[in-house]
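**Student:** Build me a model from this:
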Amino acid sequence: MNLIAAGFVDTPLSASILGDQLDARREQLRATLPIQRVVGPADIAALAVHLMTNTAVTGATFRPSTSTEASSSFDMERRTHVHDPPP
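**Tutor:** Now for the predicted structure:
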């Protein structure tokens with residue numbers, strides 16, 4: 001079993017929760033995330049499909065470029081699994 005631990009994903013629900021603060025949050029994420037863009041539903045879907053079709057990957061937690069913390073993550077631009085060194 002794998003876990004997709006997405007942080008902020010740019011969805012209509014996120015927009016309704018943040019209201020007038022949505023654009024500021026998007027800019028903050030673009031400035032701080034390694035991929036310099038906001039993760040969207042298609043990114044999460046691509047990761048889910050990858051995990052369903054790649055049976056060699058199991059027991060991992062994936063944080064799709066929603067944090068700068070060292071972790072096991074999925075590089076959304078390259079669609080590859082990345083193991084960052086522990087802090």
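**Student:** So for the protein, the centremost residue is which one?
**Tutor:** P64 (2.2 Å; Cα atoms, centre = their mean).
**Student:** pretty sure it contacts N2?
**Tutor:** No - between P64 and N2 there is no contact under Cβ atoms under 8 Å: 12.0 Å. Just so you know, the C-beta spots here come from the backbone N, C-alpha and C atoms, and that holds for glycine as well.
**Student:** which helices and strands does the helix or strand where I44 lies pack with?
**Tutor:** Assigning secondary structure by DSSP states H and E places I44 in helix 41-53. Applying 3 or more Cβ pairs under 8 Å, 6 or more residues apart in numbering; DSSP states H and E, we find helix 41-53 packed against strand 3-4.
**Student:** The residue lying closest to V9 once chain neighbours are set aside and L47: what is the separation?
**Tutor:** Closest residue in space to V9, ignoring its immediate chain neighbours: V39 at 5.4 Å, by Cβ to Cβ, 6 or more residues apart in numbering. Distance, V39 to L47, by Cβ to Cβ, to the nearest Å: 9 Å.
**Student:** V38 - how many residues pack around it?
**Tutor:** Neighbour count for V38, taken as other Cβ atoms under 10 Å: 19.
**Student:** Good, we can wrap up now.
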